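predicted coordinates and the sequence they were generated for:
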Amino acid sequence: MKTELIKELLTSAPDGRTVTVQGWVRTKRDSKNLVFIQVNDGSCFANIQLTFDRNNPSKNANPQNIEKELSRISTGASVRATGPIIESPASGQAVEVTLETLEVLGECNPDEYPLQKNKMSMEYLRENAHLRARTNTFGAVYRVRSQMAFAVHSFFQERDFQYINAPEITCSDCEGAGEMFQVTTLSLEKIAEMGVKAGQGGMKIEDAAKIVNYSKDFFGKKASLTVSGQLEAETLATALSRVYTFGPTFRAENSNTPRHLAEFWMIEPEMAFYDLEDDMDLQEEFVKYLLNWALTKCRADLEFFDKRIQPGLIAQLEHVVKSKFERISYTDAIKELEKVADKAKFEFKPYWGCDIATEHERYLTEQIFKKPVMVYNYPKEIKSFYMKQNEDGKTVKAVDVLVPGIGELNGGSEREENYDKLMAEIKRRGMDESVYDWYMDLRKFGSVPHSGFGMGFERLIRYVTGMENIRDVIPYPRAPKLADF
């Protein structure tokens, strides 16, 4: 049965027409003669109120049937109701529905229902992730997530980017960090048994590893879940000019912090004929576009986050949208941080060559410049192999976008398009050259300057909603020792 969403009903004229409401009961209040039921269907933050007057029921109502169904209702129950939509005398709501029919579609035992009226911790709700979308907080999170995904596609489609799908199973490590989840059909038990026998026979552990025969594996070679779709995106950018990927990525990083997930979504555009300045311009435009989208399309949900989760959230997002992003070299940023190191009492001392920590990023944006900052030209030793080296031989054309509140939001670089230079870097880092043969072909056949960047989608959602833990902005988080549901 097709019905209007509560979001639509709440903006309808109170013209007395009969409407159908379907959703889940948030509260039921029975005050002798009057019954008030708050129903939500997830389409918006607000509930719609159903009312029943025992002394003056609607002329088309069946009071006995309504009373029977009312006795079955508790928080969490699903209902279908019909009645005229009228102007509400209560403050805070424009319309309400006078009950004519009421049907309980699914009862909910109040003694067993995990979502109680008392305040529940985020940790408790994570343990009940299959139900937490019914709370105000997580209903708002997932609506914002949906809108922001649409905003990502809108931004790139408006600028003639082609949407591509990078593989989730790969044999190359984009970041070169080795933190990848292996994909195999080989029997780990048999491999372990062979390893034990080899060890008993006097074989060294490092030699025992060589007994794994990947030619018998599903793909015929060692394969893993992807950490990034960037390398594949580069291949298509050198044919289609502007492309972007938007999909899941995986990092086997044993990190139990509020900022890390093992499975997360990445937004990764790649642009042929773009240098670092072009890349930086696009990143600033992208961030402002997304935040402005959230401020206009998700206003009611953001007002909830501003009130209950992070006071001042809306003002912070509006400030970023209105600001001209500061651009400063890594070298100069380190100098600024070194000047205030004693005063700021950093946990990690800043020095040239260090990877700028979150506390440094936030100090730059919140204390020194008081606005978003783009730090560029990082030391090559702390960045990935594919980044274009500057003439100084020490730095690469990389950039990180830092925003007040969380620090780094996204980052990118100009890619090295010269075959000899890129091959030299691969060799210097001791990487397996054979794995990157296909990637190196881009530098052999019509190579062009090109750039790109990446943004973790969950990091964006965390920033837009003010949620403290990144595990609370994805429906089912994956982290060390956490793969529930």
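That came through, no problem. Numbering: from 1, shown residues only.

is it true that residue 457 touches residue 144?
No: if you go by Cβ atoms under 8 Å, residue 457 and residue 144 don't touch, sitting 11.5 Å apart. In short, each C-beta sits where N, CA and C put it, glycine included.

can you tell me the SS state at residue 397?
Secondary structure, DSSP: H, G, I helix; E, B strand; the rest coil: residue 397 is strand.

surely it touches residue 414?
Yes: Residue 397 lies in contact with residue 414 (Cβ under 8 Å); the separation is 4.0 Å.

what's the overlap in contacts for these two?
275, 276, 387, 388 (Cβ atoms under 8 Å, 6 or more residues apart in numbering).

tell me where the stretch 1-150 of the chain has helices.
6-9, 63-70, 122-127, 136-158 (DSSP state H, counting those that start in this stretch).

what's the answer for the stretch 301-450 of the chain, then?
So, for the stretch 301-450 of the chain - with DSSP H, counting those that start in this stretch - the helices run 313-322, 330-339, 341-344, 358-363, 419-428, 437-444.

counting neighbours, what do you get for residue 62?
Residues near residue 62, counting by other Cβ atoms under 10 Å, number 15.

list the contacts for it?
100, 101.

could you report the pLDDT at it?
Per-residue pLDDT puts residue 62 at 92.

residue 201 too?
Looking at residue 201, the pLDDT reads 65.

so residue 233 sits against residue 241, correct?
No: using Cβ under 8 Å as the test, residue 233 is too far from residue 241 to be in contact (12.0 Å).

which of the two has more neighbours?
residue 233 (25 against 17).

can you tell me the SS state at the more buried one?
With three-state DSSP as the basis, residue 233 sits in helix.

the longest strand seen in the chain pairs with which strands, and in what direction?
Across the chain, the longest stretch assigned as strand under DSSP state E is strand 18-31. Applying DSSP bridges to the sheet, strand 18-31 is found paired with strand 34-40 (antiparallel), strand 78-87 (antiparallel).

Serialize these to JSON lines and add fields for distance to residue 379 and mean neighbour count.
Shown next, in JSON lines, are those (distance: least, Cβ to Cβ, whole Å; neighbours: other Cβ atoms under 10 Å):
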{"stretch": "strand 34-40", "distance to residue 379": "52", "mean neighbour count": "19"}
{"stretch": "strand 78-87", "distance to residue 379": "57", "mean neighbour count": "19"}
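
picking that back up, most packed of the helices of the stretch 301-450 of the chain?
helix 358-363 (a mean of 20; mean count of other Cβ atoms under 10 Å).

look up the residues forming beta bridges with residue 452.
residue 270, residue 413.

name the element the residue nearest to the spatial centre of the chain belongs to?
Residue closest to the average C-alpha location in the chain (Cα atoms, centre = their mean): residue 458, at 1.8 Å. Following DSSP states H and E, one finds residue 458 within helix 457-465.

give me the contacts around that helix.
140-141, 144-145, 148-149, 152, 246, 259, 261, 264-267, 290-291, 294, 298, 301-302, 305, 309-310, 313, 317, 403, 405-406, 409-410, 467-470, 473-474.

rewinding a little: distance to residue 54 and mean pLDDT for the helices of the stretch 301-450 of the chain - can I get that in CSV?
Formatted as CSV, the helices of the stretch 301-450 of the chain follow (distance: least, Cβ to Cβ, whole Å; pLDDT from 0 to 100):
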stretch, distance to residue 54, mean pLDDT
helix 313-322, 43, 98
helix 330-339, 69, 97
helix 341-344, 65, 93
helix 358-363, 58, 97
helix 419-428, 79, 95
helix 437-444, 74, 94
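
closest one to residue 167 among those?
With Cβ to Cβ, the closest approach to residue 167 among the helices of the stretch 301-450 of the chain belongs to helix 437-444: 12.2 Å.

what distance do you get for residue 116 to residue 308?
18 Å (Cβ to Cβ, to the nearest Å).

and if you look at residue 279?
Residue 279 is 37 Å from residue 308, by Cβ to Cβ.

quick one, which of those two is more surrounded?
residue 279 (25 against 12).

my guess is that one contacts residue 413, does it?
Yes: counting by Cβ under 8 Å, residue 279 touches residue 413, with 7.3 Å between them.

any residues in contact with both of these two?
399, 451, 452, 453.

residue at max distance from the center of this structure?
Outermost in the chain, Cα atoms, centre = their mean: residue 55 at 50.9 Å.

residue 32 versus that residue, what's the distance?
Counting by Cβ to Cβ, the gap from residue 55 to residue 32 is 9 Å.

and for residue 472?
40 Å.

compare neighbour counts for these two and give me the winner.
residue 472 (23 against 7).

so what's the closest residue in space to the more buried one that isn't next to it in sequence up against?
Excluding the flanking residues, the one nearest residue 472 by Cβ to Cβ, 6 or more residues apart in numbering is residue 122, at 5.9 Å. Residue 122 makes contacts with 468, 469, 472, as judged by Cβ under 8 Å, 6+ apart.

can I get the residues you listed in a markdown table with pLDDT?
Below are the contacts of residue 122 laid out as a markdown table (pLDDT from 0 to 100):
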| residue | pLDDT |
| --- | --- |
| 468 | 96 |
| 469 | 96 |
| 472 | 98 |
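
nearest to residue 325, out of those residues: which one, please.
Closest to residue 325, out of all of the contacts of residue 122 and judged by Cβ to Cβ, is residue 468, at 24.9 Å.

look at the closest one and give its secondary structure.
coil.

ok, it touching residue 305?
No: using Cβ under 8 Å, residue 468 is not in contact with residue 305, being 11.3 Å away.

ok, the two, which is more surrounded?
residue 305 (21 against 13).

doesn't residue 42 make contact with residue 26?
No: the pair residue 26 / residue 42 is not scored as a contact, 11.2 Å apart, by Cβ under 8 Å.

quick one: the residue nearest to residue 425 when sequence neighbours are not counted and residue 170, what's the gap?
Nearest non-adjacent residue to residue 425, counting by Cβ to Cβ, 6+ apart: residue 385, 5.0 Å away. Residue 385 sits 16 Å away from residue 170, going by Cβ to Cβ.

more neighbours: which of the two?
Legend: neighbour count by other Cβ under 10 Å for residue 385 and residue 170, higher for residue 170 (21 against 18).

next, the contact list for the more buried one, please.
Counted by Cβ under 8 Å, 6+ apart, residue 170 has contacts 223, 224, 225, 226.

which of those lies closest to residue 69?
Using Cβ to Cβ, residue 225 comes nearest to residue 69 of the contacts of residue 170, at 48.9 Å.

can you list the weak-confidence ranges in this structure?
The chain contains residues with pLDDT under 70 at 1-2, 175-178, 198-210.
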